[in-house]
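Trainee: fold the following.
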Amino acid sequence: MNVEITDLYVYPIKSCAGLSLQSSPISSRGLKWDREWVIVNSSGQMVTQRTLPRLALVAPTVSETHLHLVAPGMAPFMLSLDAAVSPTIAVTVWSAQTLGYDEGDAVAAWLSTYLSVDGESYRLLRTHPQAKRRIGERWLEAWQKQSQYESELLNQTAFAFADGFPFLICNRASLDELNAEIQKQGDAPIAMERFRPNIVLSGLDAYEEDYLLTLQGGGNAFAKLKDCTRCLLPNVEPLTAEVGHQPWNALSDTRQFEAGVLFGVNAGLSDVSPEGVIRVGQRLDVAFNF
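Mentor: As a prediction, the model looks like this:
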């Protein structure tokens, strides 16, 4: 089986625009800079495109020295990566507790000016160096039982503000099949970016990722830990922030399971190469858990 990485993406600020990469440093916490920051409202609650679709148009990039932000109608903003770490702030990512620190008033004002439609204010938090957010034990235990391999790297993984796992992996053939259903329903096909993956694969049959156990290549080994349950966020068009009814309608008709509506898989890194890099074009060996 010829499985290959076709795309890599990182999302420096949770729920903001992503970056397409040809290669990336990789560690157990994910691709470098992925979900390193999160935006919270005046109540300290994280915000996402689920309630603020305009986040899709906030486009962050990361240089060696700064986080750079652009958004429609806004002057570009630069935030030093070397800013002093402020006291810890408790952050809840769905049901998980972690820690962040505030990036200051200037970026808060910039975000509030762009995002606010009702006088709400927003602040930008970065993952705190003391944060130790772990993968859920039940997912680790289930994978270790299936694979008969206990990975110390997986057990010690600490990641930033991703929903629940360091990596989201999607399959190009699955999108092709989903788009066939979307077109059958009379709508235009969608791009993979709607699903905000970190890694996109080719070479698997449609939805064959459901049965993955491991993927290995270039010295890196991924443990497939969970099927990814979906919400309405992929209905947001990332280029315009407009909200439609696809792909949710097609997914609900074709990918509804006991766990929910599924597309893509969540993963962790069970082994990492000494080089610590992942690249587009890299071939992967796969093992399944049928």
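Trainee: identify the residues contacting the residue nearest to L115 when sequence neighbours are not counted.
Mentor: The shortest distance from L115 to any non-neighbouring residue, by Cβ to Cβ, 6 or more residues apart in numbering, is to Y122 (5.4 Å). Every residue, glycine included, has its C-beta placed from N, CA and C. By Cβ atoms under 8 Å, 6 or more residues apart in numbering, the residues touching Y122 are 39-42, 47, 108, 111-112, 115-116.
Trainee: just N41 next, same as before
Mentor: 47, 120-122.
Trainee: with P129 instead?
Mentor: P129 touches V85, counting by Cβ under 8 Å, 6+ apart.
Trainee: before we move on, what SS does it have?
Mentor: What DSSP: H, G, I helix; E, B strand; the rest coil gives for P129 is coil.
Trainee: G30: neighbour count?
Mentor: Per other Cβ atoms under 10 Å, the neighbour tally for G30 reads 26.
Trainee: pull the contacting residues for the closest residue in space to S270 that isn't next to it in sequence.
Mentor: Excluding the flanking residues, the one nearest S270 by Cβ to Cβ, 6+ apart is S151, at 3.9 Å. Neighbouring residues of S151 by Cβ under 8 Å, 6+ apart: 144, 223, 270-271.
Trainee: and the pLDDT at S151?
Mentor: Looking at S151, its pLDDT is 96.
Trainee: and for S86?
Mentor: We have a pLDDT of 89 for S86.
Trainee: which of the contacts of N41 are buried, as a ChimeraX select command?
Mentor: ChimeraX command restricting those to the buried ones, with burial defined by 16 or more other Cβ atoms under 10 Å:
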select :47,122
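Trainee: could you work out the most separated pair of the contacts of N41?
Mentor: V47 and S121 (11.2 Å; Cβ to Cβ).
Trainee: and the gap between the closest residue to A191 other than its chain neighbours and E103?
Mentor: Closest residue to A191 apart from its sequence neighbours, by Cβ to Cβ, 6+ apart: P238 at 7.8 Å. Distance of P238 to E103, computed by Cβ to Cβ, to the nearest Å: 24 Å.
Trainee: any idea which of the contacts of S151 has the most stuff around it?
Mentor: Neighbour-wise, these (other Cβ under 10 Å) top out at A223, 28 neighbours.
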